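Chemist: Test case, fold it:
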Amino acid sequence: MKRWLPGLDTLRQYEAAWLPHDIFAGIVLATMLVPVGIAYAAASGLPGIYGLYATIVPLLAYALFGPSRILVLGPDSALAAILLGVIAPLAQGDPLRAVTLAGMMAIVSGTVCILAGVARLGFITELLSKPIRYGYMNGIALTVLISQLPKLFGFSIESEGPLRSLWAIVSAILGGQINWVAFAIGLATLIVILLLRNNKRVPGLLIAVVGATLVVGVLDLGTQYGVKVLGPLPQGLPGFVVPWITSSDLVPVLIGGCAVAMVSFADTSVLSRAYAARLGSRVDPNQEMVGLGAANLATGFFQGFPISSSSSRTPVAEAAGARTQLTSVVGALAIALLLLVAPSLLQHLPTAALAAVVIASAIGLIEVADLKRIYRIQRWEFWLAIVCFVGVAVLGVIPGIGLAIAIAIIEFLWDGWRPHSAVLGRAYGVKGYHDITRYPDARRVPGLVLFRWDAPLFFANAEFFRERVLDAVATSPTPVRWLVVAAEPVTSVDVTACDVVAELDRSLHAQGIEFCFAELKDPVKDKLKRFGLFAQLGENYFFPTIGVAVARYLETNNVEWEDWEDWEDDDVQGLERVAGQDTASGP
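Modeler: Below is the predicted model of the structure:
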């Protein structure tokens with residue numbers, strides 16, 4: 001129970017002194033959750049009320065199942081583009097059908113997260129490198145921003161895909177369709193949010209949204225100037241509904257739900273680890289996945305849509321003094337009370353202001369500074385990020401994320417498919433044996449090739465391993481008697497690789513060369529024993545260190561070799577003088 005329901009354990013250890021802080025933080029949080037939830041619902045192609053439904057239920061579910069003490073979950077701008085990309089083509093303007101599709105996507109996402117958490121697969125999002133994450137998140141941010149521009153300008157368009165939408169927006173602007181009053185309200189709201197977003201003491205978003213609502217309501221701008229407003233919200237709480245979809249919708253909903261699961265958990269795991277480190281605690285990524293999955297599953301059955309953690313609302317809870325997830329419970333109850341008592345309170349909230357809220361959040365998703373750093377230190381990873389960004393911006397969110405995943409897999413396989421390898425020699429003045437390309441003057445033991453392989457040995461790189469070994473033998477300055485693989489970096493080996501090693505051993509034996517291993521890890525050594533390689537190569541040809549292997553080779557092959565560590569002091573000083581003269585004379 002303690003593992004699967006962390007909220008109960010927090011409740012058991014709850015201190016009375018925390019209660020005022022959690023209640024106050026929950027009320028403050030609710031003032032931000034309401035406009036944000038409505039805005040993200042509209043950005044996802046759903047009626048605004050469902051943004052509040054998707055806020056109440058996940059907060060309560062995560063408070064029970066989530067391991068993080070103050071993480072805030074709810075509708076998120078990063079998911080809005082994914083939801084809109086799946087829902088809009090299928091719903092074809094039917095809001096109830098859109099809600100059903102969104103609910104099933106939440107159930108798919110929740111199920112995937114829970115199964116992955118139970119299977120302890122919380123590490124899988126770590127396979128997405130930082131440049132790839134930056135690329136697709138920047139693409140999502142651009143997609144969200146483009147989708148909100150028509151609402152900001154006070155008109156509507158019909159198009160699919162970011163580029164087509166952008167062209168339609170430009171055409172509408174040139175055609176004089178801008179509602180300048182709505183645009184002025186939206187732009188003013190956006191400016192206030194951006195100016196006050198870093199001020200923890202002033203709730204900039206709340207001030208901007210309340211101000212826009214009051215201006216529109218008092219001046220009756222909705223009737224006088226055609227400014228679109230939210231309208232009265234339905235009274236009451238969300239009910240339990242099973243979102244049945246048709247078989248023709250199943251594939252896109254499954255793909256979209258899996259994409260949501262990946263993006264939401266990637267963001268949630270990063271944010272929860274950051275706050276855990278700040279609070280001096282530890283968060284289990286597998287339980288984090290279960291908590292996120294439970295929240296999505298719950299909101300899917302209670303008229304909500306997929307949710308994620310929030311990097312903008314969690315700091316609000318922290319700054320307000322939140323101590324535990326009771327803050328989220330209080331926030332959820334405050335929103336529920338609003339729907340029961342005063343559902344018409346936000347009826348004059350302009351959609352241009354909601355668009356400004358989403359645009360401000362999308363701007364916050366954009367990463368530029370760290371991409372500049374990546375460009376300076378490793379340009380190919382920077383261009384990897386750009387490819388992912390272009391993929392999302394041009395192809396759309398779902399295909400773009402698929403491209404990002406494909407690139408991540410290729411990147412992972414490439415590192416293991418063509419790993420670094422080196423022939424080692426003895427460099428003067430440096431302990432151990434080192435890459436002769438880094439130390440061109442390194443001395444090599446006559447008849448001995450020391451070959452280092454810097455990766456696991458498996459099916460994808462086994463043939464490359466054979467090629468590199470044979471190339472090391474062919475380029476040796478002296479006839480080779482022994483080849484020793486410095487295998488400390490080899491962390492794993494599979495059947496295919498072992499078969500290649502066995503064939504390579506027979507090939508080297510035919511040339512009169514002994515095939516040996518040094519510094520092999522015990523778990524890898526155990527696999528080689530099971531595969532029969534110990535018996536084939538001979539146990540005497542597996543050495544604990546390279547030094548032992550070299551010593552055994554010298555003992556058994558009658559080779560003249562003098563290590564620099566064995567030289568007399570006079571010899572060392574003479575070599576140093578020669579080295580100094582060479583340096584003084586220039587290259």
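
Chemist: residue ranges for the helices of the stretch 101-250 of the chain, please.
Modeler: Secondary structure of the stretch 101-250 of the chain (DSSP state H, counting those that start in this stretch): helices at 130-153, 162-174, 180-196, 204-219, 221-224, 250-279.

Chemist: What residues sit buried inside the first one?
Modeler: Going back to what we said before, that points to helix 130-153. The neighbour-count check on helix 130-153 (16 or more other Cβ atoms under 10 Å) flags 131-153 as buried. Every C-beta, even on glycine, is put in place using the N, C-alpha and C of the backbone.

Chemist: burial measure for Glu367, as a count.
Modeler: Using other Cβ atoms under 10 Å, Glu367 has 18 other residues around it.

Chemist: Checking it next. Helix, strand or coil?
Modeler: Per DSSP: H, G, I helix; E, B strand; the rest coil, the local secondary structure of Glu367 is coil.

Chemist: Leaving out the residues flanking it, which one is nearest to it?
Modeler: Distance criterion Cβ to Cβ, 6 or more residues apart in numbering; nearest residue to Glu367, sequence neighbours excluded, is Tyr134 at 4.7 Å.

Chemist: which residues touch the one you found?
Modeler: 367, 370-371, 374, 385, 388-389 (Cβ atoms under 8 Å, 6 or more residues apart in numbering).

Chemist: and it, how far is that from Leu333?
Modeler: According to Cβ to Cβ, to the nearest Å, Tyr134 stands 37 Å off from Leu333.

Chemist: isn't Leu190 right up against Ile359?
Modeler: Yes. Leu190 lies in contact with Ile359 (Cβ atoms under 8 Å); the separation is 5.9 Å.

Chemist: who has more neighbours, the two?
Modeler: Counted by other Cβ under 10 Å, Leu190 and Ile359 do not tie: Ile359 has more neighbours, with 28 against 22.

Chemist: Could you check the pLDDT of the residue nearest to that one when sequence neighbours are not counted?
Modeler: Leaving aside its sequence neighbours, Ile359 sits nearest to Gln148 (Cβ to Cβ, 6+ apart; 5.1 Å). Gln148 carries a pLDDT value of 89.

Chemist: how close does the residue nearest to Glu367 sit to Gly48?
Modeler: From Tyr134 to Gly48 the distance is 31 Å (Cβ to Cβ).

Chemist: same check, this time on Leu470
Modeler: 68 Å.

Chemist: same question, Thr213
Modeler: On the measure of Cβ to Cβ, Thr213 and Gly48 end up 13 Å apart.

Chemist: ok, now Glu367?
Modeler: Using Cβ to Cβ, Glu367 is found at 29 Å from Gly48.

Chemist: low pLDDT regions in the protein?
Modeler: Counting by pLDDT under 70, the ranges of the chain that qualify are 2, 125-127, 159-160, 277-280, 564-587.

Chemist: 50 instead?
Modeler: Applying pLDDT under 50 to the chain picks out residues 568-587.

Chemist: I'd like to know how far the residue nearest to the spatial centre of the chain sits from Pro203.
Modeler: For the chain, the residue nearest the mean C-alpha position is Ala266 (4.0 Å; Cα atoms, centre = their mean). For Ala266, the distance to Pro203 (Cβ to Cβ) stands at 28 Å.

Chemist: what does Pro419 give?
Modeler: Applying Cβ to Cβ, the value for Pro419 to Pro203 is 52 Å.

Chemist: Glu15 too?
Modeler: For Glu15, the distance to Pro203 - Cβ to Cβ - is 27 Å.

Chemist: So which of the two has more stuff around it?
Modeler: Pro203 (18 against 8).

Chemist: Which parts of this structure are strands?
Modeler: 73-74, 308-309, 421-425, 434-435, 448-453, 482-486, 514-518, 542-543 (DSSP state E).

Chemist: so of these, which one's packed in deepest?
Modeler: Highest mean neighbour count of the strands of the chain: strand 73-74, a mean of 31 (counted as mean count of other Cβ atoms under 10 Å).

Chemist: List the strands paired with that one, with their directions.
Modeler: strand 308-309 (antiparallel) (DSSP bridges).

Chemist: residues in contact with the strand it pairs with?
Modeler: By Cβ under 8 Å, 6+ apart, strand 308-309 touches 71-74, 76, 78-79, 260, 263-264, 267-268, 271-272, 292.

Chemist: Burial check on Val229, number of neighbours?
Modeler: Using other Cβ under 10 Å, Val229 is surrounded by 22 other residues.

Chemist: For it, which residues count as its bridge partners?
Modeler: Pro350.

Chemist: just the contacts of strand 308-309 now: which is nearest Ile56?
Modeler: Gly74 (9.2 Å; Cβ to Cβ).

Chemist: and that closest one, how far is that from Ala54?
Modeler: 7 Å.

Chemist: Identify the contacts common to these two.
Modeler: Jointly contacting Gly74 and Ala54 under the rule Cβ under 8 Å, 6+ apart are 37, 307.

Chemist: that older thread, my read: the residue nearest to Ile359 touches Ser361, true?
Modeler: No. Using Cβ under 8 Å as the test, Gln148 is too far from Ser361 to be in contact (9.7 Å).

Chemist: residue contacts, the nearest residue to Gln347 once chain neighbours are set aside?
Modeler: Among residues not flanking Gln347 along the chain, Pro232 sits closest, at 4.5 Å (Cβ to Cβ, 6+ apart). Contact analysis of Pro232 by Cβ under 8 Å, 6+ apart lists 343-344, 347.
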